[in-house]
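>>> after the sequence you'll find the predicted model.
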Amino acid sequence: MMEPVTALNAFSPATREWFQGAFLAPTSAQEGAWSAAQKGKHALVVAPTGSGKTLSAFLWALDQLAVGSPPESAQHRCRVLYVSPLKALAVDVQRNLRSPLAGIRQAAQRLGLPIPDITVGMRTGDTPADERRQFARTPPDVLVTTPESLFLLLTSAARESLRGVTTVILDEVHAVVGTKRGAHLALSLERLDELLERPAQRIGLSATVRPLDEVSTFLAGARPIEVVQPRTPKTIEVSVQVPVPDLAALDQRPAPGSSDEEVIGSAAGTAQRPSIWPAVERRLLELVRAHWSTIVFANSRRLAERLTSRLNELAAEELENIQDLDAQGSGLGADAAFPAEAIGQSGIGGGAPAAVAKAHHGSMSREQRTLVEEELKAGVLPCVVATSSLELGIDMGAVDLVVQVEAPPSVASGLQRVGRAGHQVGAVSKGVVFPKYRGDLVACAVVAERMTAGAIESLRYPRNPLDVLAQQIVAMVALEPWSLEDLARVVRRAAPFAALPESALQAVLDMLAGRYPSEEFGELRARITWDRVTDQLAGRPGAQRLAVTSGGTIPDRGLFTVMTPGGADGAGSRVGELDEEMVYESRVGDAILLGTSSWRVEDITHDRVIVTPAPGVPARLPFWKGEQIGRPLELGRAVGAFVREMSALPENTARERAAAAGLDAWAVDNLLAYLHEQRDATRHVPSDRTILVERFRDELGDWRLVVHSPFGSKVNGPWALAIAARMRERRGVECQASAADDGIVLRLPDAVDDSGAEVMPTAEDVLLDPAEVEQIVVAELGGSSLYASRFRECAARALLLPRRDPRRRTPLWQQRQKASQLLTVAGRYEQFPVTLEAMRECVQDVYD
């Protein structure tokens, strides 16, 4: 019987023999990707984690390197370019390529074929200077890099080493599509194509995304592209667990002296606020003990550090066999010194050794993160508590459970995180979600239900981000002159700029060419020259340095670098980063917790914190001021629909649906009780079709107006701004408005109107004419802290707030001061590009 014809048949004998010896058969994703690659087509491979996507993109390119002859010029040897949004993923891929390359070499040797010598190199922000110089002279066959490093390569003489590239592999495309980082990368890819004799073939790898057209257009622009999306859905099992019978009764303490009484704290019995955390932490430790390898995801770096500390403290208690403290209390146990409630409220970590868990997040040093990853893969470490730093496709070995504490930011994020478990072809991914309170339980239930159904949120790439455009134009003309026609052609090939208006392009060029000079703000001086007769563009002196030292799209948060003391040979090692407000609240001699370890502060300079190890010392948990990820509108609508539908169901049917969504018995009880109590209290349940408004006086006698809206902060934020503006205009009162994912709270001072009548908020105050809302929001945004913050970030991306020295931090207050000066000057010009972009970002990206 003849063997079926597959894409694998087109590979060379050595590659084919290695693959058939290592795997049973190609996955559907691999078959589809290889078929497209063999035809020379651009391809987008969409498949869940554990589908063999990495080999689907790489193997054909590696095979071509193995059988082909290297180019005559050694400088053009680099033919495969791999771009990863994460440095850790880039390191992981470089390591994972060793196996197929070694296997192909051995197979070629066995078959008596020429033995290929394929080299793999890496270029990231962590690459030493000598390796960077070596790349310019003798580049590898395969270069593994990041979007930022690709930009730097294209803006330096090292770009000559990219002229031989034939294949570009973009991993985890979904992670950048909806961001300005993605728009920046799209322009870099077009700049790369301009260097080449023929455009490179692009292979994009993505988790499940929607809509496919949006992502494929982002990847290939207007060029034809083949989408490979095999119908082999990943099997996931998600459960939502509540570790207490009643989330609303945490404050019900056992009666003194009863057998159920739990003595909290040392013998003094200090009263702490009731908390769900002790129950969650104990259940977490049970799950870690019951599994081989566990990743716990938290939605913030502080929570990741805190959970790590508590898991290790609880494990230490188990080791010492101290479970219960008698009424007198010996004070020897970790709970005696640092009970769970006190830990959560004091912000102190007990300093227990990291026997069970270690933290993993972006404010830890790369070396520490790599060490944690290796320990988890090797089975030395049972658990890692991570933020989104481990969300993307890093191979974490035999992880058999993922735990998510509180609802994940989105369904797509939840799928990515749970997909870390069972990260092999055909394996089942198992996840457990712990809600923090009953409102969070609703979101957890909806996300779990939609994860099982694969109902992810849609992605949309930013349209015409002018700050990104300004930065890339400076980089393009810094090395060689461009005609305006050619520059516009290349820019518009990138999907985010395909519909770039001529007026917007002219405005950006005007800004860069010095049309807005100012004695008050010197950074508005010209960065490029624009001959308006010949339409030739060229960089002014210093343009290349400006683009290289101040380029990129990730905002500068003014973080302090944490270092160990330097020895005679120079600087010490990097430990991580701290928020500047955390540093301002710290003093020499303080102990801080970072990356699961306690550190003693030895010195604080203008840009770094010097620390020494302080093992076992109770330490302050760090905090970072970051932006909250708002609930997507699609998910908000789903939350509202879920609440409405569950409220209308008979109890037995509602229980069945909740159980089918993965809720355990206590979770079902808490969910239904929450909905019943809401209806009993107000006769209505807020949903996607019902907006509930409550009014009451607070403890100071001021009126509070609560708008229950499940649509997320992207909707509730601008709505709150508009309501506050209307109250000021129509009632003459200044009200404080705050918005969150589940609603809006307004506080009105006790006031009377012109007739002497009391000003009382009503439901009519929140009902706005849709035609007026955008105008009101835009007017209100102009003076808001949100707009000022976004303007600062946009100005930095547009190279108007350059870094004096990229190796040293610029304090955030200094950045804000310079941005405020620029905003004052820019406000005089109606069409100033950065002003327009900051407003667009607020209205379209931050708000919906």
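That came through, no problem.
>>> okay, and for the stretch 601-750 of the chain, where does confidence drop off?
The model of the stretch 601-750 of the chain has pLDDT under 70 over residues 627.
>>> how about the strands in it?
Assigned by DSSP state E, counting those that start in this stretch, the stretch 601-750 of the chain shows strands spanning 608-613, 619-620, 692-697, 703-708, 736-740, 743-748.
>>> over to the stretch 451-600 of the chain?
Using DSSP E, counting those that start in this stretch, strands in the stretch 451-600 of the chain cover 482-483, 528-531, 536-539, 560-563, 574-578, 591-594, 597-604.
>>> re earlier: quick check: which of the strands of the stretch 601-750 of the chain is nearest to Leu62?
Between Leu62 and the strands of the stretch 601-750 of the chain, the tightest spacing by Cβ to Cβ is seen for strand 608-613, at 42.2 Å. C-beta coordinates here come from the backbone N, C-alpha and C atoms, glycine included.
>>> residues touching the closest one, excluding its own?
560-565, 572, 575, 578, 583, 586, 592, 597-604, 809 (Cβ atoms under 8 Å, 6 or more residues apart in numbering).
>>> relative to Ile104, how far out is Thr167?
Distance from Thr167 to Ile104, counting by Cβ to Cβ, to the nearest Å: 17 Å.
>>> need the strands of the stretch 451-600 of the chain in JSON lines with mean neighbour count and distance to Gly182, can you?
Formatted as JSON lines, these follow (neighbours: other Cβ atoms under 10 Å; distance: least, Cβ to Cβ, whole Å):
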{"stretch": "strand 482-483", "mean neighbour count": "17", "distance to Gly182": "23"}
{"stretch": "strand 528-531", "mean neighbour count": "18", "distance to Gly182": "25"}
{"stretch": "strand 536-539", "mean neighbour count": "19", "distance to Gly182": "25"}
{"stretch": "strand 560-563", "mean neighbour count": "22", "distance to Gly182": "28"}
{"stretch": "strand 574-578", "mean neighbour count": "23", "distance to Gly182": "24"}
{"stretch": "strand 591-594", "mean neighbour count": "24", "distance to Gly182": "31"}
{"stretch": "strand 597-604", "mean neighbour count": "19", "distance to Gly182": "35"}
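>>> ok so, going back, show me which of Thr167 and Ile104 is the more surrounded one.
Comparing Thr167 with Ile104 by neighbour count (other Cβ atoms under 10 Å), the higher total belongs to Ile104, at 27 against 21.
>>> let me know the average pLDDT across the helix or strand harbouring Gln134.
Assessed by DSSP states H and E, Gln134 sits inside helix 129-137. For helix 129-137, the mean per-residue pLDDT is 83.
>>> tell me the gap between that helix and the middle of its chain.
31 Å (Cα atoms, centre = their mean, to the nearest Å).
>>> residues touching Leu578, list them.
Leu578 neighbours (Cβ under 8 Å, 6+ apart): Ser363, Leu559, Phe560, Val562, Ser586, Ile592, Leu594, Val609, Pro622, Trp624.
>>> switch to 7 Å and redo it
Neighbouring residues of Leu578 by Cβ atoms under 7 Å, 6 or more residues apart in numbering: Leu559, Phe560, Val562, Val609, Pro622.
>>> try Val846
If a contact means Cβ under 7 Å, 6+ apart, then Val846 has Leu786 as its contacts.
>>> separation between it and Lys625?
From Val846 over to Lys625 (counting by Cβ to Cβ), the distance is 16 Å.
>>> can you check Arg460 too?
Using Cβ to Cβ, Arg460 is found at 27 Å from Lys625.
>>> could you tell me how many residues sit around Phe297?
30.
>>> that one bridge partners, please.
Ala386, Gln404 (DSSP bridges).
>>> hmm, it is touching Cys383, no?
No: the pair Phe297 / Cys383 is not scored as a contact, 11.5 Å apart, by Cβ atoms under 7 Å.
>>> mind checking which helix or strand the closest residue to Ser550 other than its chain neighbours is in?
Spatial nearest neighbour of Ser550, excluding adjacent residues (Cβ to Cβ, 6 or more residues apart in numbering): Pro802 at 4.4 Å. Pro802 belongs to no helix or strand when assigned by DSSP H and E.
>>> my guess is Asp141 meets Ala66, correct?
No: assessed by Cβ under 7 Å, Asp141 is found out of contact with Ala66, at 9.7 Å.
>>> can you list residues touching both of these two?
Ile118.
>>> and Arg306, what pLDDT?
Note for Arg306: predicted pLDDT of 92.
>>> my bad, Val405
So Val405 comes in at 96 (pLDDT).
>>> that one: what's it in contact with?
Val280, Val296, Phe297, Ala298, Leu303, Leu307, Phe434.
>>> let me see the contact set for Phe711.
Leu633, Gly636, Arg637.
>>> with neighbour count and distance to Trp666 added, can I get those in JSON lines?
Output for the contacts of Phe711, formatted as JSON lines (neighbours: other Cβ atoms under 10 Å; distance: Cβ to Cβ, whole Å):
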{"residue": "Leu633", "neighbour count": "15", "distance to Trp666": "31"}
{"residue": "Gly636", "neighbour count": "25", "distance to Trp666": "26"}
{"residue": "Arg637", "neighbour count": "17", "distance to Trp666": "27"}
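>>> I'd like to know which helix or strand in the chain has the lowest mean pLDDT.
Every helix and strand in the chain was compared by mean pLDDT, DSSP states H and E; the lowest is helix 334-337, with a mean of 41.
>>> go through stretch 738-747 and flag the buried ones.
Ala739, Ala740, Asp741, Asp742, Gly743, Ile744, Val745, Leu746, Arg747 (16 or more other Cβ atoms under 10 Å).
>>> who's in contact with it?
439, 630-631, 702, 704-710, 712-713, 716-717, 719-720, 723-724, 735-737, 761.
>>> neighbour-wise, which of Arg460 and Lys625 wins?
Neighbours around Arg460 and Lys625, counted as other Cβ under 10 Å, are more numerous at Arg460. The numbers are 14 against 11.
>>> which phi and psi does Leu303 have?
Phi and psi for Leu303, reported as degrees, to the nearest 10, are phi -60, psi -40.
>>> measure the closest residue to it other than its chain neighbours to Asp742 for me?
The shortest distance from Leu303 to any non-neighbouring residue, by Cβ to Cβ, 6+ apart, is to Val405 (6.9 Å). With distances taken as Cβ to Cβ, Val405 is found 18 Å from Asp742.
>>> try Ala660
From Ala660 to Asp742 the distance is 24 Å (Cβ to Cβ).
>>> likewise for Asp590?
In terms of Cβ to Cβ, Asp590 sits 37 Å off from Asp742.
>>> same check, this time on Arg289
Counting by Cβ to Cβ - Arg289 and Asp742 are separated by 34 Å.
>>> try Gly439
Taken as Cβ to Cβ, the span from Gly439 to Asp742 is 6 Å.
>>> the buried residues of stretch 738-747: which two are farthest apart?
Pairwise distances across the buried residues of stretch 738-747 (Cβ to Cβ) peak at 19.1 Å, for the pair Asp741 and Arg747.
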